[in-house]
Structures are given as structure tokens and as C-alpha cells.
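J.: I would like to see how this sequence folds:
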Amino acid sequence: MNLTRSEVIDQIVAKRAEGQYFIKSWETGHTFVDIDLIERYMDKPGQQAIEGFELLNMEEMWQTLIDLDPDKLTRMQTADGEVIEWTWKDSHGTEQKTIYPFTPEGIMTIIDDEFFA
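T.: Down below sits the predicted model:
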């Protein structure tokens, strides 16, 4: 059974726990999942009905990232706080590294740039 956008938002409001920043949702018959910040998801107008969703905290989202691409991402502690180092190859095959803060926004930047670009 599909959930309408208003049903999803009602359930998010009712079920969301402190520290949950992400929503992972999927549509009926699709193997693709969509991941977004909860606030960004709720602010998007006119989204399609979905089959289901999960609300994720930072550690659950980190595990989801690792499951998607375990060889490229590393968490590290720096003087400025925890960061994610993303190792990737440019068009010439040269290894590059990009650092993102270990924050909900930093994780979404990786997802938007790497997985759903």
C-alpha cells in the first residue's frame, strides 16, 4: 500500500526521534531508494506516493553510505571535529581526496554529488 505525502509527513511528525536527520524512502516496484534530509523532504512540494520509508540517525546513515560504497569513505577525527574523507579518481585516473564534515549536510553533499548526481 502506497503512502501519500501527507501520510508520510504525519508519520514523520509522530515517529521522529531526536537525532534522526534522514529519510530513506522507496516506491512500489522500484529497487531505487531515495535519501534526503527530513526537513528538505518535508519542504518539497508535490512528491509522489511512496511504498515505505525509514528515518535514520547519523550512525545509521553512515552505515548506509558504507553499504553503498565502502571502499571510498573513511571517518576521521581532526582538530576541527569529525570528518569524512572521500577518495575518488578524476577523469585522468588520478586519485583525489575530498573532506566533508561529519554532519547531516556533509553526508547529503556526498550523496547528492556521488550517488545521485
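
J.: does I23 sit in a helix, a strand or a coil?
T.: strand (DSSP: H, G, I helix; E, B strand; the rest coil).

J.: count the residues that sit near it.
T.: By other Cβ atoms under 10 Å, the residues close to I23 number 22. Bear in mind the C-beta positions are built from the backbone N, C-alpha and C, glycine included.

J.: that one and R75, how far apart?
T.: From I23 across to R75, the span is 22 Å (Cβ to Cβ, to the nearest Å).

J.: for the lengthiest strand in the chain, list every residue counted as buried.
T.: Secondary structure of the chain read by DSSP state E shows that its longest strand is strand 81-89. Within strand 81-89, the residues that count as buried by 16 or more other Cβ atoms under 10 Å are 83-84, 86.

J.: what separates that strand from the chain centre, distance-wise?
T.: In terms of Cα atoms, centre = their mean, to the nearest Å, the centre of strand 81-89 is found 15 Å from the chain centre.

J.: kindly export it (C-alpha atoms) in CSV.
T.: The C-alpha trace of strand 81-89 is given here as CSV (Å, rounded to 0.1, in the frame of the first residue of the first chain):
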residue,chain,number,x,y,z
GLY,A,81,35.8,17.7,14.6
GLU,A,82,34.9,14.5,12.9
VAL,A,83,35.1,14.5,9.1
ILE,A,84,34.5,12.1,6.2
GLU,A,85,37.3,11.6,3.7
TRP,A,86,36.1,10.6,0.2
THR,A,87,38.7,9.1,-2.1
TRP,A,88,37.9,9.2,-5.8
LYS,A,89,39.5,9.1,-9.2
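
J.: pairing partners for that strand, with directions?
T.: strand 73-78 (antiparallel), strand 95-101 (antiparallel) (DSSP bridges).

J.: want to try TSV for those strands, with mean neighbour count, distance to F53 and mean pLDDT as columns?
T.: Below are the strands paired with strand 81-89 laid out as TSV (neighbours: other Cβ atoms under 10 Å; distance: least, Cβ to Cβ, whole Å; pLDDT from 0 to 100):
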stretch	mean neighbour count	distance to F53	mean pLDDT
strand 73-78	12	23	94
strand 95-101	12	24	93
